[in-house]
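Participant: Fold the following and give me the result.
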Amino acid sequence: KKKKKKKKKNEKKKKKMDELPPQFGIEAHSPYLPQPITKKNTIVSRGKIAGTELPWAMSSMQGWRVTMEDAHAHDLPIKGLKDTGYFGVFDGHGGDLAAK
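Facilitator: So this is what the prediction gives:
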């Protein structure tokens, strides 16, 4: 009896996964694309810290994931702290919630 119940449960689960709409040419539940998205988004800028000009750049690429999961932040100079800048790169680890 246990095998039959388990088999029915797996069949129901498979049916639900098969009903998902396709996204990017693959099933929606897959976190990967059939080909990577290699377009790079790049920001090149400069700011001043303590009167000294600081050039900086940031670049990102989505790669094999269905959505971009990483994030970045910058603040140059930090309001109220003219001698300090903030730069951060945040890895999504399988979803953008970890990065945000």
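
Participant: I'd like the mean pLDDT over the lengthiest strand in the chain, please.
Facilitator: For the chain, the strand with the greatest residue count under DSSP state E is strand 32-49. Average pLDDT, strand 32-49: 93.

Participant: Run me through the strand neighbours of whichever helix or strand comes after it, direction for each.
Facilitator: For strand 32-49, the following helix or strand on the C-terminal side (DSSP states H and E) is strand 52-65. Strand 52-65 has the following strand partners under DSSP bridges: strand 32-49 (antiparallel).

Participant: quick one: the strand it pairs with to chain centroid distance?
Facilitator: Counting by Cα atoms, centre = their mean, to the nearest Å, strand 32-49 is centred 12 Å from the centre of its parent chain.

Participant: Can you list the buried residues in it?
Facilitator: Neighbour-count burial for strand 32-49 flags residue 33 (criterion: 16 or more other Cβ atoms under 10 Å). Just so you know, the C-beta spots here come from the backbone N, C-alpha and C atoms, and that holds for glycine as well.

Participant: could you measure residue 55 against residue 66, distance?
Facilitator: Here the criterion is Cβ to Cβ, to the nearest Å. By it, residue 55 lies 34 Å from residue 66.

Participant: pLDDT on stretch 80-95, on average?
Facilitator: Mean pLDDT, stretch 80-95: 89.

Participant: Report the backbone C-alpha coordinates of it in PDB.
Facilitator: Extracted C-alpha coordinates of stretch 80-95, given in PDB (Å, rounded to 0.1, in the frame of the first residue of the first chain):
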ATOM      1  CA  GLY A  80      27.900  63.000   6.000                       C
ATOM      2  CA  LEU A  81      31.200  61.100   5.600                       C
ATOM      3  CA  LYS A  82      33.100  63.000   2.900                       C
ATOM      4  CA  ASP A  83      36.200  60.800   3.300                       C
ATOM      5  CA  THR A  84      34.300  57.500   2.900                       C
ATOM      6  CA  GLY A  85      32.900  55.500   0.000                       C
ATOM      7  CA  TYR A  86      30.700  52.400   0.000                       C
ATOM      8  CA  PHE A  87      30.900  49.700  -2.700                       C
ATOM      9  CA  GLY A  88      29.100  46.300  -2.300                       C
ATOM     10  CA  VAL A  89      28.700  43.200  -4.500                       C
ATOM     11  CA  PHE A  90      26.000  40.700  -3.400                       C
ATOM     12  CA  ASP A  91      25.800  37.200  -4.700                       C
ATOM     13  CA  GLY A  92      22.200  35.900  -5.000                       C
ATOM     14  CA  HIS A  93      23.000  32.200  -4.100                       C
ATOM     15  CA  GLY A  94      20.200  30.700  -6.100                       C
ATOM     16  CA  GLY A  95      17.800  33.700  -5.900                       C
END
